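Enquirer: Can you look at this prediction? I've put the sequence above it.
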Amino acid sequence: MRITSELFVAQLVRRLFAAGGFAVVVRKGAGAAGAIFVVTRNRAGEIQLFSPAVQSLSDDSGTRQFMPEPVDDEAALEARFAREARFDPDFWVVEIETDDAPSFLQIVEG
């Protein structure tokens, strides 16, 4: 069984702060099952987007998995979220500052 989106986001934020990183919830979605998108920024200011992994790449552990999604700049990121909002408005966006996203997210390659 998978934990709720709200609980996953809360624990992600706490883990980042405990490790000396920074996180902020940019958009709060459905508490129980909203999709979670994670935007990372490294020290150079480069951004990377991690979106929920497609079901065919997920295992049966119930762990939330993410896959990298290419974005070129802030405008592309905002356009991506605008498309998502038209499709499903109950999604979360968490922005984190870390140089080591794989240590905080389970990332699968698509």
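Expert: Sure thing, it's come through. Residues are numbered from 1 along each chain as shown.
Enquirer: Give me the most central residue, this protein.
Expert: Taking C-alpha atoms, centre = their mean, the centroid of the chain lies closest to Val38, which sits 2.2 Å from it.
Enquirer: From what I see, it and Ala101 are in contact.
Expert: Yes. Counting by C-beta atoms under 8 Å, Val38 touches Ala101, with 7.3 Å between them. Just so you know, the C-beta spots here come from the backbone N, C-alpha and C atoms, and that holds for glycine as well.
Enquirer: any common contacting residues for the two?
Expert: Jointly contacting Val38 and Ala101 under the rule C-beta atoms under 8 Å, 6 or more residues apart in numbering are Phe50.
Enquirer: sec struct for the residue nearest to the centre of the chain, please.
Expert: strand (DSSP: H, G, I helix; E, B strand; the rest coil).
Enquirer: and what of Asp99?
Expert: Per three-state DSSP, Asp99 ends up coil.
Enquirer: is it true that it touches Arg41?
Expert: No. In this structure, Asp99 is not within contact of Arg41 by C-beta under 8 Å, at 9.6 Å.
Enquirer: These two - which one has more neighbours?
Expert: Arg41 (16 against 12; other C-beta atoms under 10 Å).
Enquirer: Show me the beta-bridge partners of the more buried one.
Expert: Beta bridges link Arg41 to Ile47, Glu97, judged by DSSP bridges.
Enquirer: residue contacts, Arg80?
Expert: Contact partners of Arg80, counting by C-beta under 8 Å, 6+ apart, are Leu49, Glu69, Val71.
Enquirer: Tell me the buried residues within these.
Expert: By neighbour count, with 16 or more other C-beta atoms under 10 Å, the contacts of Arg80 hold Leu49, Val71 as buried.
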